[in-house]
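Chemist: how would this look folded up:
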Amino acid sequence: MIRRSLCLFSALLAVSACVGPPDRAPGKNKQKLSRPATKDARQCLSDLDKMKARYAFLAEQDFGNGCSQTASVQLYDVGIPVTNVKAVKCDVARALGEWTKDTLQPAARKAFGARVVKIESMGGYSCRNVIGRPQAAGNRSEHATGNAIDIGGFLLSNGRRVTIVAGWNGMNDEREFLRTIRGGACKRFQTVLSPDYNAAHYNHLHFDLGRGPYCR
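Modeler: The predicted structure follows:
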């Protein structure tokens, strides 16, 4: 009986020796991303920190076919939450934060007597061509390098929601507000496009730091 128990114990030890350690929980072994190498990119992140933005610096990637992600961040907040910005160049995030402080909030207080508490983005990086311009067919959009961001609407501190699709030709206070913030964006970004530009922009404002200046 003792001999049988010893044999069984030896067998269990042999089996346990063949079993490796349990797998790590997903995400536990991810490498921490380093800060950017260029001076300009480091300065941009420092500026985001000063404006108390919340973001995650993203690793640089070249996806091919004119699409890339360099000096980019996943943006969560520029003093107020910003939704749906998985990747955008740091320079665009910084310009958005400055525009929020200098144009967006003053315009909201004047038009509605309230603050903007959330910016509803329609995204930044997207590997695609220009949309809505036949003469530019086949050309990569600024979105293909994260050098642009689209804004669809805003949530106010009084609970009111203002969107480009409903407000551009909506009530007078919304019309005035949206045109004011477009004008302010033209001082921060190289290209600003609105529903006045073409049908492809019927529901958002497009801001980018590419070629310009162009404001419509």
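
Chemist: so where do the strands sit in this structure?
Modeler: Counting by DSSP state E, the chain has strands at residues 54-57, 61-64, 67-69, 72-77, 81-89, 116-123, 148-156, 161-163, 191-193, 205-208, 214-215.

Chemist: Direction included, what does the fifth one pair up with?
Modeler: Translated: strand 81-89. strand 72-77 (antiparallel), strand 116-123 (parallel) (DSSP bridges).

Chemist: do the same with the first one
Modeler: The pairing partners recorded for strand 54-57 under DSSP bridges are strand 72-77 (antiparallel).

Chemist: Also the shortest one?
Modeler: Sheet neighbours of strand 214-215, with direction, are listed as strand 191-193 (parallel) (DSSP bridges).

Chemist: who touches the strand it pairs with?
Modeler: 142, 148, 182, 185-186, 201, 205-216 (CB atoms under 8 Å, 6 or more residues apart in numbering). Placement of C-beta: from N, CA and C, glycine included.

Chemist: Stretch 204-216 too?
Modeler: Residues contacting stretch 204-216 (CB under 8 Å, 6+ apart): 89, 91-92, 95-96, 99, 122, 142-143, 147-152, 164-165, 178, 181-183, 185-186, 188-194, 196-197.

Chemist: how does it look with 7 Å?
Modeler: Contacts to stretch 204-216, defined as CB atoms under 7 Å, 6 or more residues apart in numbering, come from residues 91-92, 95, 122, 142, 147-152, 164, 182, 185-186, 189-194, 196-197.

Chemist: Could you turn the buried ones of those residues into a ChimeraX selection?
Modeler: In ChimeraX, a selection of the buried entries from the contacts of stretch 204-216 looks like this (16 or more other CB atoms under 10 Å):
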select :91,92,95,122,142,147,148,149,150,151,152,164,182,185,186,189,190,191,192,193,194,197
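
Chemist: Could you measure from residue 76 over to residue 202?
Modeler: Relative to residue 202, residue 76 is positioned 27 Å away (CB to CB, to the nearest Å).

Chemist: Enumerate every residue touching residue 125.
Modeler: 69, 72, 86-88, 143, 146.

Chemist: Tell me where this protein has helices.
Modeler: Along the chain, counting by DSSP state H, helices occupy 2-18, 39-50, 90-99, 105-112, 164-167, 172-185.

Chemist: could you dump those helices to TSV with distance to residue 130 and mean pLDDT?
Modeler: TSV is the format used below for the helices of the chain (distance: least, CB to CB, whole Å; pLDDT from 0 to 100):
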stretch	distance to residue 130	mean pLDDT
helix 2-18	58	37
helix 39-50	26	96
helix 90-99	17	98
helix 105-112	29	99
helix 164-167	19	98
helix 172-185	19	98
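
Chemist: could those go into a markdown table alongside distance to residue 58?
Modeler: Output for the helices of the chain, formatted as a markdown table (distance: least, CB to CB, whole Å):
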| stretch | distance to residue 58 |
| --- | --- |
| helix 2-18 | 41 |
| helix 39-50 | 11 |
| helix 90-99 | 9 |
| helix 105-112 | 27 |
| helix 164-167 | 27 |
| helix 172-185 | 24 |
